[in-house]
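J.: generate a structure from the sequence data that follows.
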Amino acid sequence: MKTSSYEKRLSVVEPAVGDHFQIHTIARISLGRYWGSLNAEEKSSFQTLLEDLVSSTYASRFKDDKGQVFSITATEPIATNRKRVKSILETNTETVALDYQLQQEDGTWRIYDIVANGVSDLSLKRSNYSAMFKRSGLESVRQEILSNIAANAAQQTQ
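T.: Take a look at the predicted model:
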């Protein structure tokens, strides 16, 4: 992640996101009740798009090595097959509390939500995407996500 190339960081992040995030759960919860109205192809395409968004977000946020320190502070069960990993990300200018919500599936723990300073990323996605879907359909949600991916890539030239 210490490389200045967005493309190189993205090439490191993409397989990690695929291995460690439960994208199908994120996609389903993000669209709420509208998820059931999608056909298999739309579901698959939406999952791929969300995976690209998560990858581009990580690759864009760590463009400079500023001595960030990531520390795990605790792990606690949430439910039978869920747990929370509490951590802190410290930079020169701020400290961010990051709680990773994980779910076990087929013996593997995968991230389905990240809570940063008390704000759930999955709750924000659900609120935004389901409202957008209700107003304008799946294509408007797709365009919003594509716009965010493009903005993540564009930040690298600034």
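J.: and the residue positioned nearest the centre of the chain, how far from V69?
T.: The chain has V54 as the residue nearest its centroid, 4.0 Å off, counting by CA atoms, centre = their mean. To V69, V54 is 22 Å away according to CB to CB, to the nearest Å. C-beta coordinates here come from the backbone N, C-alpha and C atoms, glycine included.
J.: what of E41?
T.: 43 Å.
J.: in three-state terms, label the closest residue to Q22 other than its chain neighbours for me.
T.: Leaving aside its chain neighbours, Q22 sits nearest to R110 (3.8 Å; criterion: CB to CB, 6 or more residues apart in numbering). For R110, the assignment made with DSSP: H, G, I helix; E, B strand; the rest coil gives strand.
J.: ok, the one 5 residues further on next?
T.: Using three-state DSSP, the three-state assignment for V115 comes out as strand.
J.: not counting sequence-adjacent ones, nearest residue to it?
T.: D99 (4.1 Å).
J.: roughly how far out does the helix or strand harbouring that neighbour sit from the chain middle?
T.: Assigned by DSSP states H and E, D99 belongs to strand 95-105. Distance of strand 95-105 from its chain centroid, counting by CA atoms, centre = their mean, to the nearest Å, is 11 Å.
J.: sketch out the low-pLDDT regions of the chain for me.
T.: Applying pLDDT under 70 to the chain flags residues 1-3, 64-66, 157-158.
J.: now the helices for it?
T.: 6-20, 23-31, 40-61, 121-136, 138-154 (DSSP state H).
J.: ok, and what's touching the last one?
T.: When you say that, I think you mean helix 138-154. Contact with helix 138-154 is made by 6, 31, 34, 38, 42, 46, 49-50, 52-53, 56-57, 59-60, 128-129, 132-133, as judged by CB atoms under 8 Å, 6 or more residues apart in numbering.
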